[in-house]
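Q: I need the structure of the sequence given here:
(2 chains)
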Amino acid sequence: MTSFWSGWVIVLTAITLILTTWILVANRKREQRETERTTGHVYDGIEEFDNPLPAWWFWMFALTIVWGIGYLIVYPGMGNFPGVLGWTQINQHDREVAAADEQYRAMRDRYLALSIEEIADDPAVRKMGARMFGNNCAQCHGGDGRGSYGFPNLTDNDWIYGGTPEVIKATLVNGRQAAMPAWDSILRDKGIAEVTQYLLLLNGRTADTVQASEGEKHFATYCAACHGADGTGNPMLGSPNLTNGIWLYGGTPEQIAHSLRVGRNGVMPAFAETLSEDKIHILTAYVYGLKK
Amino acid sequence: MSDPQLIDLQEVAPAEVGEVDLYQRREKIYTRKIEGFYQRLRLFTGWPLLLGYFLLPWMTWDGRQAILFDLPARKFHILGLTFWPQDFPLLAFLLIISAFGLFAVTVFAGRIWCGYTCPQTVWTSIFMWLEQKTEGSRNQRIKIDKMPWSVEKATRKLAKHGSWLFVAFATGMTFVGYFYPIRSLSLELSTLSTGMWQAAWTLFFTLATYINAGWMREQVCKYMCPYARFQSVMFDQDTLIVSYDERRGEQRGSRKRSADYKAQGLGDCISCELCVQVCPTGIDIRDGLQYECIGCALCIDACNSVMDKMEYPRGLIGYTSEHQLQGGTTHWLRPRIIGYTVVLAIMVGIFSYTVASRIPVELTIIRDRNQLYLTTDNGDIENLYELHLLNMDKHPHDYLIQIDGIKGAAIVGDTTYSLEGGEVRTINLRVRISPEYLDKPSTALQFEAIAKDVPSLRAASESRFMRPL
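A: Numbering: from 1, shown residues only, chains lettered A, B, ... in the order given. Predicted coordinates:
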């Protein structure tokens, strides 16, 4: 808030408080009118008496004014004045999250002491893990973990970096950076078409054998370093298996050629900063248990 | 009959001209105890309600508290039924029916709700009875309040407030017992091991009862209760009201019992002021119909007892209607009452049918918000859905998820889910369809969850299936 609007709010609030108090006190007494007991309002034969209000009502009103002043001192209300408690919505949220964290830490610590394999089928772990997966992973890997274009399916037992509990955990903690260079400038259109045909052949699909045999030579030169001589990939480098019919960026000849032409950069963010160790342990167990 | 100096509680300002405080101190009302037909009637209406209130939470049903409004779990148990937040419209509907029933009764018989059944009146009556037992009759109480502090006064006051607090505590604990299992609550309270919130709410309702029924009393009716303020729109000339028969009572005045009062030009009212002394809201019924009157009929009983002593006919103050007061007769069957009754019967019927035919399972569907659709390697289209399946039944069931509406649609993954009694499950479901069956970019797709063991236990919901344009 700019200082003008801050001042505006402060002045309005103060005037309202003062006016309310003045109205309450100024109306406290009136002249005695012995003759008129009613206000003069008549409707349908029903008359309205001019009876005084109860004193407790006056004191309750006075109390709300006092309460209001106290509130404005303690909590933010007077323009930019933060209040003596320093309360904000954000620090209240942080406190509640910390309290909830504390409340469930003991339970999560029990799971942390056990191995991933032991707890992967635990119903409580499945439930907690599903929540964390929904909040942190589902955006890319889908609510059911079956992935989408560019994001691997976690339920099919094909693991780019390996599917042991330790590796899954390392993936979660540190994230992954996958990089395949663009081959457009080296292979040109002809070379890309040949490698594409070779990859189709590797997967047992119909391919142009002449082009594929040319592609095999390119593959040995440029691709085998990461994807292996037989194209089954290398989990140490995160280079996917190209022979099992699972395509992260689509398996049509056009899509494969496109991947070759422009290269690929896959990013899985690191969760070490976002999630505590015990939470990552449970999430790892959940992901480990996803595969059937 | 009574001391005339103690009667004038209605005077709000001194007689001389001057300034008057617009915020007035409450004049304490000392009610005189009275017995009679309507007070016995009040006992008969009050006791069952009181017993019901105090005993219901102790009843069990199927191994749990029969009536428990479990707020943390967001489940309301009422006998065999369990209501979920999704059933909230039912509660709203029930409250509307109750309000409508109250209006219907008001058109017919005025404020008998206030006089006979309203908790404010019932608890005030209990507290007045305790006051009577500890501090004595009306005159004794006035005397005690005026006299300086003494051991006797302190003892009597202590006994009064002690007994009030005891009843208030029982009331408060019972109230909290509707929201937190009362058996554990009473045990925890007796061993002082209760949780902070249970203790705080018990204390709150104890104090609220104590203040309301002990100190606020008629002020709640006069200043806070909205019903008192809008009852005038429901009253008509044939509504039953507690009223003084002015034509018979005036000219009021004291007289000897043997005197021929008619010859003196007097009516039947002997100005004994008993009707004023018994009134819990401190009004004089002889001033006519007033919004403060809660229809408790104490003044009727008081006046009838005097009429009996004087050997005059009863009913100088009685249940009557404006028509009757004007010399006519009360019309019972009026269009308003018939209309209210018919509408009320229809509403109760619809409500009962809705509750009886309620199926305790619910399915809601949210489309996945990340991808509109996915394309598989062989060209099939996939859509992701987040299903929320609520098994509101007490028993566990295996639910089969089925889809319908598009030819060739298939669920990828599990189709059967086991849910515990009262479990809410989030299911991420993937549906796969070959594009040849999708002639529109967006097609309606029906989902249904069916309990395998009880096929009538089913819920359906609709979502849409998207394909590339």
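Q: any idea which element the closest residue to chain A within the stretch 351-469 of chain B lies in?
A: Nearest residue of the stretch 351-469 of chain B to chain A: B:N428, at 3.3 Å (Cβ to the nearest Cβ). For the C-beta atoms, the positions are set from N, CA and C on the backbone; glycine is no exception. In the assignment (DSSP states H and E), B:N428 maps to strand B:424-433.
Q: local confidence estimate at the residue in the stretch 101-250 of chain A positioned nearest to chain B?
A: Residue of the stretch 101-250 of chain A nearest chain B, by Cβ to the nearest Cβ: A:G143 (3.3 Å). As predicted, A:G143 sits at a pLDDT of 87.
Q: excluding its backbone neighbours, what's nearest it?
A: Leaving out its chain neighbours, the residue that sits closest to A:G143 by Cβ to Cβ, 6 or more residues apart in numbering or on different chains is B:N428, at 3.3 Å.
Q: correct me, but that neighbour touches A:G142?
A: Yes: at 7.2 Å, B:N428 and A:G142 qualify as touching, with contact defined as Cβ atoms under 8 Å.
Q: kindly format the C-alpha coordinates of stretch A:235-255 as CSV.
A: Extracted as CSV, the C-alpha positions of stretch A:235-255 are listed here (Å, rounded to 0.1, in the frame of the first residue of the first chain):
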residue,chain,number,x,y,z
PRO,A,235,21.0,-46.1,-17.1
MET,A,236,24.2,-44.6,-15.8
LEU,A,237,23.9,-41.8,-18.4
GLY,A,238,20.1,-41.8,-18.5
SER,A,239,20.1,-42.7,-22.1
PRO,A,240,16.9,-44.6,-22.9
ASN,A,241,16.5,-48.0,-24.3
LEU,A,242,15.6,-47.5,-28.0
THR,A,243,14.6,-51.1,-28.7
ASN,A,244,11.6,-51.8,-26.4
GLY,A,245,9.0,-49.8,-28.2
ILE,A,246,8.7,-47.2,-25.4
TRP,A,247,9.1,-43.7,-26.7
LEU,A,248,9.3,-40.7,-24.4
TYR,A,249,8.7,-38.2,-27.3
GLY,A,250,6.5,-40.3,-29.5
GLY,A,251,7.3,-43.3,-31.7
THR,A,252,6.0,-42.4,-35.2
PRO,A,253,8.8,-42.0,-37.8
GLU,A,254,8.1,-38.3,-37.9
GLN,A,255,8.4,-37.9,-34.2
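Q: could you list the buried residues of it?
A: Residues of stretch A:235-255 classed as buried: A:235, A:238-243, A:246-248, A:250-251, A:255 (neighbour count, 16 or more other Cβ atoms under 10 Å in any protein chain shown).
Q: and the furthest pair within these?
A: A:P235 and A:Q255 (23.1 Å; Cβ to Cβ).
Q: show me what from the stretch 251-400 of chain B comes close to chain A.
A: Contact residues, the stretch 251-400 of chain B versus chain A (Cβ under 8 Å from any Cβ of the partner chain): B:D368, B:N370, B:Q371, B:L374, B:T375, B:D377, B:L384, B:E386.
Q: for the helix or strand that contains B:G162, the averaged confidence score.
A: Element membership for B:G162 (DSSP H and E) is helix B:151-177. When pLDDT is averaged over helix B:151-177, the result is 96.
Q: buried ones in it?
A: B:156, B:160-161, B:163-165, B:167-169, B:171-177.
Q: re earlier: tell me which of B:N428 and A:G142 has more neighbours.
A: Under the criterion of other Cβ atoms under 10 Å in any protein chain shown, the comparison of B:N428 against A:G142 puts A:G142 first, with 24 against 19.
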